[in-house]
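1. Give me the fold of what follows.
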Amino acid sequence: MVEVTVTVEYKGKNYQTNVLVNRSAMEEEIFTAALNQVKEQWTPETTYR
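-> The predicted model follows:
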């Protein structure tokens, strides 16, 4: 596993996040994991807990 820092755009803003992925992970898989992580963090149901 390696830690990768990724910048993704979500709802018109740029977010930088770290994801842990296998060394053999493809670029698209890394980007998808990062985007899902940002979406989960900034969804209204999760931000006000």
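
2. wait, isn't Leu35 in contact with Val8?
-> Yes - taking contacts as C-beta atoms under 8 Å, Leu35 lies within contact range of Val8: 4.9 Å. (Glycine included, C-beta is placed from N, CA and C.)

3. Please, where are all the helices along the chain?
-> 27-41, 44-47 (DSSP state H).

4. Including distance to Val21, mean pLDDT and mean neighbour count, could the ones you listed go into TSV?
-> Shown next, in TSV, are those (distance: least, C-beta to C-beta, whole Å; pLDDT from 0 to 100; neighbours: other C-beta atoms under 10 Å):
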stretch	distance to Val21	mean pLDDT	mean neighbour count
helix 27-41	5	95	15
helix 44-47	22	65	8
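
5. Would you convert these into TSV that also reports distance to Asn14?
-> Listed next are those as TSV, based on distance: least, C-beta to C-beta, whole Å:
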stretch	distance to Asn14
helix 27-41	10
helix 44-47	18
